[in-house]
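Q: Give me a model of this one.
(one chain, ligands or ions: 1)
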Amino acid sequence: MSVIETRNLTKRFGDVTAVDGLSFEVEEGEVFGFLGPNGAGKSTTINVLLGYMSPTSGSGTVLGHDVETESRELRARTGVLPENVGVYDRLTGREHVASAIRIKDADDDPEELLSRVGLDPNAWDRRAGGYSTGMAQRMALATALAGDPDLLVLDEPQSGLDPNGMQEIRDIVLEEAAAGTTVFFSSHILPEVEAVSDRVGVMRAGEMAAVDGIDTLRERWTDDTVVRATVAQPPVRPEMLADLAGVEEAEVEEDRVTVSCRRPRAKGRVIAALERAGGVADFEVDEGSLEDTFTALTGSADAGEQTASPNAEEPEVSA
Ligand SMILES: Nc1ncnc2c1ncn2[C@@H]1O[C@H](COP(=O)(O)OP(=O)(O)OP(=O)(O)O)[C@@H](O)[C@H]1O
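A: Residues are numbered from 1 along each chain as shown. Down below sits the predicted model:
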């Protein structure tokens with residue numbers, strides 16, 4: 001079942017088209033990373049999906065509920081961490097979470113949720129108005145987890161957090177996914193998206209520039225994977241490597257071998273071939289990162305400029 005499904009979803013603000021004919025699906029139980037440069041339309045998409053804004057045209061469902069006419073129903077089963085976390089200055093962290101539990105008609109223990117998100121117990125009964133950004137973010141995540149939602153929508157969940165905090169969010173996302181919760185989250189922190197997502201959607205100027213599994217995206221959009229090895233028994237014939245499926249070119253200089261692979265998967269074949277040819281003393285692999293992919297898809301941090309095109313598709317032939 002698709003937990004999120006949109007058809008030609010469009011949202012205009014005057015003459016600005018923030019979301020432009022968006023059609024995509026998020027399947028049950030998957031962690032879907034939502035990327036895009038500033039102004040690409042991510043927050044607007046999230047606001048329309050949650051029924052906070054009506055689409056100008058097109059349609060969408062979340063957990064089977066129409067985003068325009070059944071937003072209360074869909075929000076009852078969704079935990080939301082908004083982009084700009086709003087806190088009630090006079091309420092404590094504990095009161096915020098207790099209130100979220102009440103609204104969800106759930107019976108969670110506020111302390112359990114606050115512990116889970118790593119908010120210091122000394123802060124639980126302090127007014128949230130005095131919280132740091134990171135503390136408010138943790139508290140907001142605890143409120144999002146109230147009522148064991150079927151879907152978590154996290155808009156930049158790691159903003160304001162230190163590396164420990166980011167790691168904790170990552171663990172929570174993975175725990176929730178392991179328990180069957182679908183997670184949809186937007187982030188600018190690419191390694192974090194890479195670490196937890198099953199699939200990634202990249203938005204650019206209101207459109208989905210690509211939706212794919214992380215590995216597929218990387219294969220299609222990044223430069224070659226380069227294997228650099230020192231062989232135990234030189235010489236090695238470069239043709240032996242260049243003829244392997246997925247290899248672009250191979251260079252050999254004394255005991256050092258450099259192989260560029262069009263496909264990341266070819267690196268295993270390269271190492272296996274070198275092992276057969278006498279052994280590998282040392283090697284390193286330079287793989288394209290999601291950051292390269294992101295830059296290739298969006299052109300730059302400026303969403304309005306160049307269009308990238310994917311590397312030519314070609315069939316993979318096994319060695
Ligand atoms: N309420 C609004 N009124 C007018 N224009 C808006 C409004 N909300 C968003 N926009 C415009 O719509 C476009 C998409 O904005 P949106 O906030 O959805 O992008 P985003 O991908 O979430 O960006 P960021 O990562 O910076 O939050 C931008 O050009 C923005 O200026």
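Q: all strands for the stretch 1-150 of the chain, in order.
A: 2-13, 16-22, 25-27, 31-35, 57-62, 65-66, 78-81 (DSSP state E, counting those that start in this stretch).
Q: And those: which comes nearest residue 292?
A: strand 31-35 (12.9 Å; Cβ to Cβ). The way it works is simple: take the backbone N, C-alpha and C, and place the C-beta from them, glycine included.
Q: check whether that closest one contacts the ligand.
A: No. On the criterion Cβ under 6 Å from any ligand atom, strand 31-35 is out of touch with the ligand, staying 8.8 Å away.
Q: and that strand, which residues are buried?
A: Going by neighbour count (16 or more other Cβ atoms under 10 Å), the buried part of strand 31-35 is 31, 32, 33, 34, 35.
Q: Kindly format the C-alpha coordinates of that strand as CSV.
A: C-alpha atoms of strand 31-35 as CSV (Å, rounded to 0.1, in the frame of the first residue of the first chain):
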residue,chain,number,x,y,z
VAL,A,31,12.3,5.5,4.9
PHE,A,32,12.0,8.2,2.2
GLY,A,33,14.5,11.0,2.2
PHE,A,34,13.3,14.2,0.7
LEU,A,35,16.1,16.4,-0.7
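Q: what does that strand rub up against?
A: Applying Cβ atoms under 8 Å, 6 or more residues apart in numbering, the external contacts of strand 31-35 come out as 4, 26, 42, 45-46, 173-174, 177, 182-188, 190, 193-194, 196-203, 294.
Q: Output the contacting helices and strands for the longest helix along the chain.
A: Looking across the chain with DSSP state H, the single longest helix is helix 163-178. In terms of contacts (3 or more Cβ pairs under 8 Å, 6 or more residues apart in numbering; DSSP states H and E), helix 163-178 is packed against strand 31-35, helix 133-145, strand 151-155, strand 182-186, helix 190-196.
Q: quick check: angle from the third one to strand 182-186?
A: Following axes from the mean of the first three to the mean of the last three Cα atoms, to 10 degrees, one obtains 10 degrees for the angle between strand 151-155 and strand 182-186.
Q: who does strand 151-155 touch, helix- and strand-wise?
A: By 3+ Cβ pairs under 8 Å, 6+ apart, strand 151-155 packs against helix 42-49, strand 78-81, helix 133-145, helix 163-178, strand 182-186.
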